[in-house]
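Peer 1: here's a sequence, model it:
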Amino acid sequence: MTVIIIPCFNEAKRLPIERFETFIKSKSLEVAFLFVNDGSTDDTIGVLMQLKSKFNDQVEILELKQNVGKAEAIRQGMLTAKKENHHYLGYFDADLATPLDEIARLLEYTKRNVVPYIVMGSRVKLFGFSEIRRNVSRHYIGRVFATVVSNMLRLPIYDTQCGAKLIHSKVVSTLFNEKFSSKWMFDVELFFRLKNKYTDFECRIIEIPLKKWNDIAGSKIPFSYFLQAPLDLLRIYFKYK
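Peer 2: From the prediction side, this is the model:
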């Protein structure tokens, strides 16, 4: 069984419940979902409870009374799901900018002889292959950011920030036991932690171009955060250097 963690903060009107229902009903994969309600002040919990009432075996809910941010919500979700000894744990964004169909593609790469610690989606637009729709300004800012991060890590990673990843249960404690320095750039910290702990990390990371990704309106990351991002990056870099 694979568990996908979905962090939710005020997602009552944005959560594409029908798409989750269709995916679960298809029974094409042994996948369960852990929705982390991150101190929402709208009716997110009501929407989630309705989904759980239909699919009790495939849907769990972790209720956080106060909003702690995406990084901490995913961290707590990971540590909760790890107790069940699942093979891979992953996370997707609640708006399903990455479609659930991509889970199957990511899982295919977990079956290699050298078992990957992280299988991650990448929002790279390839002519004739992928349908990637991104806000233009965010895309170009993201490319500058990704290039800086790749140089800092000294790894040829194209897209650390894509919200579609699978994590092997073996490394969950290493990556998630400690709180993150940044609530938006925790993905970068994941790679620093992996790099610092495992000597074979380079052959244990697989980056997969997504077939489809759509920039959904209503992102929780304020555009002004891009001004603070360089400071967060420096803080992370010197912490793990």
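
Peer 1: leaving out chain neighbours, which residue sits closest to G142?
Peer 2: Distances taken as C-beta to C-beta, 6 or more residues apart in numbering place Q161 nearest to G142, at 6.9 Å, with adjacent residues excluded. No exception for glycine: its C-beta is placed from N, CA and C like everyone else's.

Peer 1: oh, I was asking about L126
Peer 2: Spatial nearest neighbour of L126, excluding adjacent residues (C-beta to C-beta, 6+ apart): P209 at 5.9 Å.

Peer 1: need the pLDDT of that neighbour.
Peer 2: Here the pLDDT value assigned to P209 is 96.

Peer 1: ok, now which ones touch it?
Peer 2: Neighbouring residues of P209 by C-beta atoms under 8 Å, 6 or more residues apart in numbering: 121-122, 124, 126, 129-130.

Peer 1: torsion angles phi and psi at it?
Peer 2: phi -60, psi 130 (degrees, to the nearest 10).

Peer 1: please indicate which of the contacts of P209 are buried?
Peer 2: Among the contacts of P209, those scoring as buried are 121-122, 124 (criterion: 16 or more other C-beta atoms under 10 Å).

Peer 1: which ones among those residues lie within strands?
Peer 2: Within the buried ones among the contacts of P209, residues falling in strands by DSSP state E are 121-122.

Peer 1: switch the buried ones among the contacts of P209 over to JSON lines; also include pLDDT.
Peer 2: Conversion of the buried ones among the contacts of P209 to JSON lines gives the following (pLDDT from 0 to 100):
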{"residue": "G121", "pLDDT": "97"}
{"residue": "S122", "pLDDT": "96"}
{"residue": "V124", "pLDDT": "92"}
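
Peer 1: wait, which of the buried ones among the contacts of P209 is closest to K195?
Peer 2: Nearest to K195 out of the buried ones among the contacts of P209 is S122 (C-beta to C-beta; 18.3 Å).

Peer 1: tell me how far the closest one lies from C162.
Peer 2: 6 Å (C-beta to C-beta, to the nearest Å).

Peer 1: which strands or helices does the helix or strand I103 falls within pack on?
Peer 2: Using DSSP states H and E, I103 sits in helix 102-108. If you count contacts as 3 or more C-beta pairs under 8 Å, 6 or more residues apart in numbering; DSSP states H and E, helix 102-108 packs onto strand 2-8, strand 88-92, strand 118-122, strand 164-168.

Peer 1: so what's I45 up against?
Peer 2: 37, 61, 63.

Peer 1: that older thread, where do the contact lists of S122 and C162 overlap?
Peer 2: Listed as contacting both S122 and C162 by C-beta under 8 Å, 6+ apart are L210.
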